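K.L.:
just the structure for this:
(chains A and B)
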Protein chains: 2
Amino acid sequence: MQNFRQYLPILDWGRRYNRNTFSNDMIAAVIVTIMLIPQSLAYALLAGLPPEAGIYASIAPIVLYAIFGTSRALAVGPVAVVSLLTASAIGQVAETGTAGYAIAALTLAFLSGGFLVLLGIFRLGFLANFLSHPVIAGFITASGILIAVSQLPHILGISAHGHTLPQMLSSIFAHLNQINWITVIIGGTATAFLFWVRKNLKPLLKRMGLSALMADILTKAGPVVAVVTTTVSVWLFGFADKGVKIVGEVPQSLPPLTMPSLSPDLLGSLLMPAILISIIGFVESISVAQTLAAKKRQQIDPNQELIGLGAANLGAAFTGGFPVTGGFSRSVVNFDAGSETPAAGIYTAMGLAIAALFLTPLVFFLPKATLAATIIVAVLSLVDLTILKKTWNYNRDDFLAVLATILLTLTLGVEVGVASGVTISILLHLYKTSRPHVAEVGLVPGSQHFRNIHRHDVETDPSLLTLRVDESLYFINARFLQDMVQARVTEGTEIKNVILMFSAVNEVDYSALESLEAINLRLKDMGVGFHLSEVKGPVMDRLKTSHLIHDLNCDVFL
Amino acid sequence: MQNFRQYLPILDWGRRYNRNTFSNDMIAAVIVTIMLIPQSLAYALLAGLPPEAGIYASIAPIVLYAIFGTSRALAVGPVAVVSLLTASAIGQVAETGTAGYAIAALTLAFLSGGFLVLLGIFRLGFLANFLSHPVIAGFITASGILIAVSQLPHILGISAHGHTLPQMLSSIFAHLNQINWITVIIGGTATAFLFWVRKNLKPLLKRMGLSALMADILTKAGPVVAVVTTTVSVWLFGFADKGVKIVGEVPQSLPPLTMPSLSPDLLGSLLMPAILISIIGFVESISVAQTLAAKKRQQIDPNQELIGLGAANLGAAFTGGFPVTGGFSRSVVNFDAGSETPAAGIYTAMGLAIAALFLTPLVFFLPKATLAATIIVAVLSLVDLTILKKTWNYNRDDFLAVLATILLTLTLGVEVGVASGVTISILLHLYKTSRPHVAEVGLVPGSQHFRNIHRHDVETDPSLLTLRVDESLYFINARFLQDMVQARVTEGTEIKNVILMFSAVNEVDYSALESLEAINLRLKDMGVGFHLSEVKGPVMDRLKTSHLIHDLNCDVFL
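P.N.:
Just a heads-up that it's a prediction; the model follows:
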């Protein structure tokens, strides 16, 4: 039962549900639903899918996360970066607008959901740690730039394509002659308005005497105002006949039952992108969830989160959606609007289902340029080039990882960018640990303490070399120690005994064991004694299972 | 000048050369030359190249290594594992016996040489550390099995192919009807004889009163006896007309001047195999060199070794050879036979050049089965399945890496095998370090020492959580600490202050810095104070360049 409840957090909060939490959750749900309608349409556009896909992707996933997830406030659905990754992955296997494209999106959500659930069941959430913070920051920044540029054609009323910055820019320049000036005016005004709302509306409303919370919620409703105003203008003035691209007919329907493709070819070519989307999505989601949970001293279980997000993606795959994750802005609105339990998510899903059934005719005249404007304004807040300066000041290795991630994401695409960033971080880390800190030590006069001979005034004996090893020994650094001891003994021909102090060695792997054996044999060949001292208990237990301790040409001091 | 001499070790030992070292080097060279003739022919056969390529690959490379290398005793030339890797890599781009095959071999040596020289110049020898000892041991064992099986067709007189164990075995079974019984008798007898020589001849000779050294050298001459005997038999009884495959005509010539291909396609498809061959060859060579150097308390410079081996491979590329490295058996014979300087290598090269010019007609009737027998007996000594038991007893992670490397090398080929082994070792290592050791500590009564609360009887205060972090913090383990602190504080609601003791933290990377900032902010949201204590000087200097120290919701104890 304990185990069962662990996988179904709903059993936990559901039992304590009452009228008070219900009304708080309901208010939050109404606010989030209103905000989500334009956002869902926009992210579907970004992913290259029909607008309804964005709404469908917010219904079943939100409910499934409410059942399986551990965060009380997280709102799951399409988010900018994951939508960009979706467009990039599917763009390689199908043409936008075809049935194959939509099926590929379902398949991507299916693979991503399956992968997340597997990671959760096998408790492999630690894999997300391979994305260092600088790599994530660099990737998000580069993605923000890519997304903003990818929306420029909608603002200009031209058709341009590409998945990297050079491709996009050259395609935009090549199509500049197709520019539609009415679209530019609508898109430009909407963008300017949304920037103004984001920057100036909240202080203005507060000065007008509204509470901080109300000011915040009204500010977040900016996109709704832009959507209503531009839709009405297009309808009134018949701009659609003058080349302004509109959303057009959106089916009035609940999310349909859909099936992802099981074609081995498609699964094969979407597997790597699905893994990438899962991990990026998980990292984004868990950091939002942890931040919000901390504010109420609540607990998040990262492995259960994987199952919650996995279930949400599987839900998206079978209900006409595309890959989803926990989004930052929608979760913050949900939290600030006072949601108390995941039930708020269920009510939001109901609100969106009602919208999908009854409100879609209202967006017929909504210009795509307005959606593009909401995306641009939203993602430019992701772009943070100060990470370059921060890492440069703090640590050059981290700077290198950020820079490579940004440049490669922009020029070679999102997959190459992230993969290179991860590889560079791991290589730099392994390089750093390949030279463990080893200090030559001597005895502090009149004591039993050993200290670094370069930092302290200590007694040394030219026939004795004492080295304190300050890190665990394993394959990456084992050979360094071996070379170092051999070099040191070859230089100092008067050396008769070598002692390795293992006070800070927590582990010795098999490679390091063999290096110690090689040191032992080589020192024996040179007629030099070899000793270990201050070996920790667990390390000693393991060394005892090997031949080293018996073969040591001298002994071990404890 | 110092720098110049660093890159040309010959300037060092050349100045001290005298008549005594000359005669010692000369004796060693004669012995090594005699041993190398059959070995070179055999490894050319293994690599799928004409026999003379093996001799050419031992001439220029040996001289170039003598000039640039740092080992006094290392003998460079074709070795079994590198020949296998060569056959596997070239087999994917050309047909055995074609001109394209030989050119691909030159190109592989060229790429490998260039890569090694680059690694040496940029002092990147540490990359070899990525091959952990268990991965190398597993790979060498699996390669030994693959090589032995690849020679069975020559012993049976059939033609069978394949680069993995299943491919080879099924090809051998499919061709069993072509079996040539005379070949089987020659090959079988040679194999049995060579096994007997290796196992029993040395003790026998010693009992007969020979010195250990002479007994050893005569034992190593076993292949020469097998070659002479079987060649004479084939010539006398005309077995070549009865289907016994012989070496046939070998050109009488000094090594020719050859050019590797510069076709981008070929270079592209041979680049990864060349990198693999370089690193495997370097690891094998450096460990032989270090072992022999230690016996005379001599120094090996790993980065200069890269340049020496790189020069040797470039030499092979331009003189009709194929990839080479420092070989174990030939180096040990060279060392035991009393060579004192790399000049011994130069004399060996002269001996082989004379053999290439005058002796090649003598091997016309040499049966390929005899060469196969020498290979089988040589490589079976590489097969050491006890590594499985040793690692199983010592450490399950290392066992897993060995097992995967052996199985994947045998079933999917050498490249996949090594790549998987390396990936598995790195992932297992990162996984282990993703959970740093963190101990909850309390004050030892009446002292200023903090100790683990689970191991010692210490004073604790329920409003204070003190955690001692026992490892450096970086991106792989940063999130673990973050989750752990958050979980611990959420459980213990009476906690008012958290102290992290950094006495064992040598480094905090940018990801870990951001995790500390996140911990700080979240604890602040929970109304809990956050403190760092015993921060080391260099770590503190770096933390001071960030905002963390200023933002800390409380202070830092030193």
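
K.L.:
tell me how many other residues surround A:His175.
P.N.:
16 (other Cβ atoms under 10 Å in any protein chain shown). Every C-beta, even on glycine, is put in place using the N, C-alpha and C of the backbone.

K.L.:
next: A:Gly100.
P.N.:
14.

K.L.:
is the helix or strand containing it in proximity to chain B?
P.N.:
Applying DSSP states H and E as the criterion places A:Gly100 in helix A:99-121. No. Using Cβ under 8 Å from any Cβ of the partner chain, we find that helix A:99-121 stays clear of chain B, coming within 13.2 Å at best.

K.L.:
gap between that helix and the chain center?
P.N.:
Here helix A:99-121 is found 17 Å from its chain centre; the criterion is Cα atoms, centre = their mean, to the nearest Å.

K.L.:
next one: A:Thr360 from A:Thr33, what distance?
P.N.:
To A:Thr33, A:Thr360 is 14 Å away according to Cβ to Cβ, to the nearest Å.

K.L.:
now do A:Val444
P.N.:
Distance from A:Val444 to A:Thr33, by Cβ to Cβ: 70 Å.

K.L.:
settle it for me: which of these two has more neighbours?
P.N.:
Taking other Cβ under 10 Å, A:Val444 and A:Thr33 do not tie; A:Thr33 has more neighbours (19 against 14).

K.L.:
how about that one, nearest residue that isn't a chain neighbour?
P.N.:
Spatial nearest neighbour of A:Thr33, chain neighbours left out: A:Gly351 (3.3 Å); criterion: Cβ to Cβ, 6 or more residues apart in numbering or on different chains.

K.L.:
enumerate the residues of the stretch 201-350 of chain A near chain B.
P.N.:
So the stretch 201-350 of chain A meets chain B at A:287, A:290-291, A:293-295, A:297-300, A:302 (Cβ under 8 Å from any Cβ).

K.L.:
tell me the one of those residues nearest chain B?
P.N.:
Nearest to chain B among those is A:Ala294, at 3.4 Å by Cβ to the nearest Cβ.

K.L.:
buried ones among the residues of the stretch 201-350 of chain A next to chain B?
P.N.:
A:287, A:290-291, A:293-294, A:297-300, A:302 (16 or more other Cβ atoms under 10 Å in any protein chain shown).

K.L.:
touching, A:Ser269 and A:Val93? I think so.
P.N.:
Yes. The pair A:Ser269 and A:Val93 qualifies as a contact (Cβ atoms under 8 Å) at a distance of 5.5 Å.

K.L.:
run the chain-centre distance for stretch A:294-312.
P.N.:
15 Å.

K.L.:
okay, how far is it across it, tip to tip?
P.N.:
Terminal residues of stretch A:294-312 lie 23 Å apart, using Cα to Cα, to the nearest Å.

K.L.:
now do that stretch, average pLDDT.
P.N.:
Mean per-residue pLDDT for stretch A:294-312: 87.

K.L.:
and stretch A:168-179, by the same measure?
P.N.:
Average pLDDT, stretch A:168-179: 92.

K.L.:
repeat that for stretch A:47-57.
P.N.:
Mean per-residue pLDDT for stretch A:47-57: 93.

K.L.:
which residues touch it?
P.N.:
Residues outside stretch A:47-57 that contact it (Cβ atoms under 8 Å, 6 or more residues apart in numbering or on different chains): A:37, A:39-45, A:77-78, A:83-84, A:86-87, A:90-91, A:96-97, A:101-102, A:105, A:109, A:247, A:250-251, A:253, A:255-256, A:316, A:319-322, A:324, A:352, A:355-356, A:360, A:363.

K.L.:
list the buried ones in that stretch?
P.N.:
A:47-57.

K.L.:
between those residues, which is nearest chain B?
P.N.:
Of these, the one sitting nearest to chain B (Cβ to the nearest Cβ) turns out to be A:Ala57, at 27.5 Å.

K.L.:
could you find the closest non-adjacent residue to that closest one?
P.N.:
A:Gly321 (3.2 Å).

K.L.:
ok, that neighbour - contacts?
P.N.:
The contact partners of A:Gly321, by Cβ under 8 Å, 6+ apart, come to A:53, A:56-58, A:60-61, A:78, A:105-106, A:109, A:255, A:315.

K.L.:
can I assume it sits in a strand?
P.N.:
No. Under DSSP: H, G, I helix; E, B strand; the rest coil, A:Gly321 sits outside any strand and is assigned coil.

K.L.:
dihedrals phi and psi, it?
P.N.:
Dihedral angles of A:Gly321 (phi, psi; degrees, to the nearest 10) stand at phi -100, psi -150.

K.L.:
does chain B sit close to the one helix or strand A:Ala401 maps to?
P.N.:
Under the criterion of DSSP H and E, A:Ala401 resides in helix A:396-412. Yes. Counting by Cβ under 8 Å from any Cβ, chain B has neighbours in helix A:396-412: A:397-398.

K.L.:
what's the following helix or strand after that helix?
P.N.:
helix A:414-433.

K.L.:
how many residues are close by A:Asp470?
P.N.:
16.

K.L.:
tell me who's in contact with it.
P.N.:
Here A:Asp470 is in contact with A:436-439, A:504, B:506 (Cβ under 8 Å, 6+ apart).

K.L.:
where does confidence bottom out across those?
P.N.:
Among those, A:Ala504 has the weakest pLDDT, 77.
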